[in-house]
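> I would like the atomic coordinates for the input below:
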Amino acid sequence: MNARLAGFACASLIAVLCPAAPAFAGPPYETDDPEPTETGHWEIYAFTSLEGRGANVDGTAGLDLNYGPVKGVQLTATLPIDYAHVKSAGWHSGAGDLELGVKYRFLDAPSQGVSMAVFPRVILPTSKASSRTRLLLPLWAQKDVGKTSIFGGGGIEINPGPGNRNFWLAGAAVTHAVSDRFSLGGEVTHQSADAVDARSATSLGLGTIIGLGDPFSLLLSGGPTWTGGQTNFHAYTALAINL
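Just a heads-up that it's a prediction; the model follows:
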């Protein structure tokens, strides 16, 4: 679930250098984009994501609900279930942390293909693993060049609690609409350490969106994550419904 800081500088630089027109961005990438859900419409993602290596994985499954109440604004609620598999203990699962957010696009220049948005999120401690409310404060920017979109950004997550650290995240992504029903993309993301005994993580990912016929699409992404000299694999799958 979905993004991270060094990439923002890269994306912004590319955005300044390129001219424009509309394309597509957003899930299945960890890097977010500034495009809100269309006014009066829903974007619903039934998703699952995981990260790990071999038989040891941590993941989340659930619904990501997005609605456009007015132009330039998106309301978001993510309802997750966390799950994990440990080789020595098998599978276990439980409620995840509820996320509530509001995306506000404060810059929209279609003639230049440029947009920017803030997307603050409140992460409520509804899982057994959490005890404090967290706050994510990111900024996202996008540049469209024909059927190609370049987007990225980053921000800080306020992460209170014993042993926890506030941390930065950033990401940059490029996607291309091969056809009306098929797009490909890639991204790089980075997150600083979120706890005193944790390390920063850097990920690469490839993704695709496959139109299945209105209103359904299949979203897929995945790639390696490097943390403290260890390489894990991350993956995301979702069925998207646009209403």
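
> ok, what's across the strand from Tyr83?
The partner list for Tyr83 in beta bridges (DSSP bridges) reads Gly59, Ser93.

> same question for Thr148.
Val145, His176.

> next up, the contacts around it.
Contacts for Thr148 (Cβ atoms under 8 Å, 6 or more residues apart in numbering) come out as Ala23, Val174, Thr175, His176, Ala177. (Each C-beta comes from the backbone N, C-alpha and C, glycine too.)

> neighbours around Asn232, how many?
Residues within reach of Asn232, counting by other Cβ atoms under 10 Å, total 18.

> would you list every one of the helices in the chain?
6-17 (DSSP state H).

> which residue lies farthest from the center of it?
Ranked by distance from the centre of the chain (Cα atoms, centre = their mean), the top residue is Ser88, with 30.9 Å.

> quick one on the thing from earlier: which among the contacts of Thr148 gets closest to Ala95?
Among those, Thr175 lies closest to Ala95 (Cβ to Cβ), at 32.4 Å.

> excluding chain neighbours, give the residue nearest to the closest one in space.
Sequence neighbours aside, Gly185 is the residue nearest to Thr175 in space, at 3.3 Å (criterion: Cβ to Cβ, 6 or more residues apart in numbering).

> Ala170 is in contact with Val188, isn't it?
No: counting by Cβ atoms under 8 Å, Ala170 does not reach Val188; the two are 9.1 Å apart.

> more neighbours, the two?
Looking at Ala170 and Val188 with other Cβ under 10 Å, you find the greater number of neighbours at Ala170, namely 24 against 21.

> hey, what's the more buried one bridged with?
Under DSSP bridges, the beta-bridge partners of Ala170 are Gly154, His190.

> that older thread, got JSON lines for the contacts of Thr148, with pLDDT too?
Formatted as JSON lines, the contacts of Thr148 follow (pLDDT from 0 to 100):
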{"residue": "Ala23", "pLDDT": "37"}
{"residue": "Val174", "pLDDT": "97"}
{"residue": "Thr175", "pLDDT": "97"}
{"residue": "His176", "pLDDT": "97"}
{"residue": "Ala177", "pLDDT": "96"}
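
> of those residues, which is the most crowded?
Thr175 (25 neighbours).

> any idea what the residue lying closest to Ala141 once chain neighbours are set aside is bridged to?
Distance criterion Cβ to Cβ, 6+ apart; nearest residue to Ala141, sequence neighbours excluded, is Met116 at 4.7 Å. Beta-bridge pairing for Met116 (DSSP bridges): Leu107, Ala141.

> contacting residues around Met116?
Contacts of Met116 by Cβ under 8 Å, 6+ apart are Pro34, Arg105, Phe106, Leu107, Leu139, Trp140, Ala141, Gln142.

> need the pLDDT of it.
The model reports Met116 with a pLDDT of 98.

> same check on Gly185?
97.

> ditto for Ser111
On the pLDDT scale, Ser111 is placed at 92.

> where along the protein do the strands fall?
Applying DSSP state E to the chain gives strands spanning 42-53, 56-67, 73-86, 90-95, 98-109, 114-118, 121-124, 134-145, 148-158, 167-179, 182-191, 201-213, 216-227, 230-242.
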